[in-house]
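A.B. asks: Dropping a prediction and its sequence here:
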Amino acid sequence: MENQTVSEFTLLGLSYLPELKHQVFVMFLLVYFMTLCGNLLIVVLIFTDNHLHTPMHLFLGHLAGVDICYSQVTCPRMLLDFYSEKKTISYSSCLTQAFFFMCFARCECYLLAVMSYDRYVAVCQPLHYLHIMSWKRCTQLITVVWALGSSYSLMEILFTLRLTFCGPSTIHNFFCDLPQLLTLSCTDTSLNMLLLFVLGGIISFCAFFTTFLPYVYIFYTVHRIQTKNIKLKAFSTCTSHLTVVCIFYGTLCFAYLHPHSRYFDADIVVAVVYAAILPLLNPIIYSLRNGEIQSALGRIKKKYV
């Protein structure tokens, strides 16, 4: 790191909206607060309610925990920068933020794939569900999720350490997103781009394929069920997860595959959606569409209200 000529970066964030600064700050403060409360409520419910001590809710609790960490990486810094005159972040802090953001994003991606497998077993092999999705198997799957997410993100950051940043040092975002950071390097980033987009794309496609493939078998199994009520009940166990998956992948695909804007407003708006809004949507979707979560909320309400 001694070869770096740039020791800090400037995060422009949402500074192009000075006339709406106070309103936007209040809006994102509410989003951040609701994200923490919603996801923390799900974690507490799953931890304290014996009815929710199932493999599906174990994965859901980890998803809520990932969303809490996910929002912690970006939102506090974004809120602070609204009223900071010097919107700078050190080189080491920038790489640290980029690492944790990628790590939690990938963990969420892999966790959604694991949850798809869980739904496949529940619908297609219900008699063997508890045997296949044992606590040992669930622990192993969660360990793999965190190992893959952290190891690949660490590898990307280690490859970034070899780069030299000579200027400019302005990042047109409210957090250190690695693709934008690489464009500021004055050394050859072809290896980094290869690692980020080719290898990362292959791994992401595998996660995407693993997430959606179980639903092919789920739809086929549900379609063969003759009784309408049983068919609706079987499919209802998957709707919350499928909704979250579609929103997650739809937003990320638009964020990274849409043509780069000549102006930075569109790119920042997209970043706001997948970095700040998505962690809020998950607890809302699962609270509205998950019957077990609603029942747990009802039991809590009767007990303390």
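C.D. replies: Received, thanks.

A.B. asks: Low-confidence ranges, the stretch 1-150 of the chain, go.
C.D. replies: 1-4, 15-18 (pLDDT under 70).

A.B. asks: redo that, cut-off 80
C.D. replies: Applying pLDDT under 80 to the stretch 1-150 of the chain flags residues 1-6, 13-21, 85.

A.B. asks: For it, which segments count as strands?
C.D. replies: 8-11, 88-90 (DSSP state E, counting those that start in this stretch).

A.B. asks: same thing with the stretch 151-300 of the chain?
C.D. replies: With DSSP E, counting those that start in this stretch as the criterion, the stretch 151-300 of the chain has strands at 170-171.

A.B. asks: Make CSV from the strands of the stretch 1-150 of the chain and add distance to K136 to it.
C.D. replies: Bear in mind the C-beta positions are built from the backbone N, C-alpha and C, glycine included. Below are the strands of the stretch 1-150 of the chain laid out as CSV (distance: least, CB to CB, whole Å):
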stretch, distance to K136
strand 8-11, 44
strand 88-90, 42
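
A.B. asks: Ok, which of the ones you listed comes nearest S236?
C.D. replies: The minimum distance between S236 and the strands of the stretch 1-150 of the chain falls on strand 8-11, with 42.9 Å, by CB to CB.

A.B. asks: by contact count, what packs against that closest one?
C.D. replies: Where contact means 3 or more CB pairs under 8 Å, 6 or more residues apart in numbering; DSSP states H and E, strand 8-11 is packed against strand 88-90, helix 91-124, strand 170-171.

A.B. asks: Show me the one of the strands of the stretch 1-150 of the chain that comes nearest C103.
C.D. replies: Of all the strands of the stretch 1-150 of the chain, strand 88-90 comes closest under CB to CB, at 17.8 Å.

A.B. asks: Parallel or antiparallel, list what pairs with that closest one.
C.D. replies: Applying DSSP bridges to the sheet, strand 88-90 is found paired with strand 8-11 (antiparallel).

A.B. asks: which residues touch the strand it pairs with?
C.D. replies: If you take CB atoms under 8 Å, 6 or more residues apart in numbering as the criterion, strand 8-11 is touched by 77, 81, 87-91, 94, 169-171, 173-176, 181, 184.

A.B. asks: re earlier: out of the strands of the stretch 1-150 of the chain, deepest packed?
C.D. replies: Compared across those, strand 8-11 shows the largest average neighbour count, a mean of 18 (mean count of other CB atoms under 10 Å).

A.B. asks: Perfect, that will be all.
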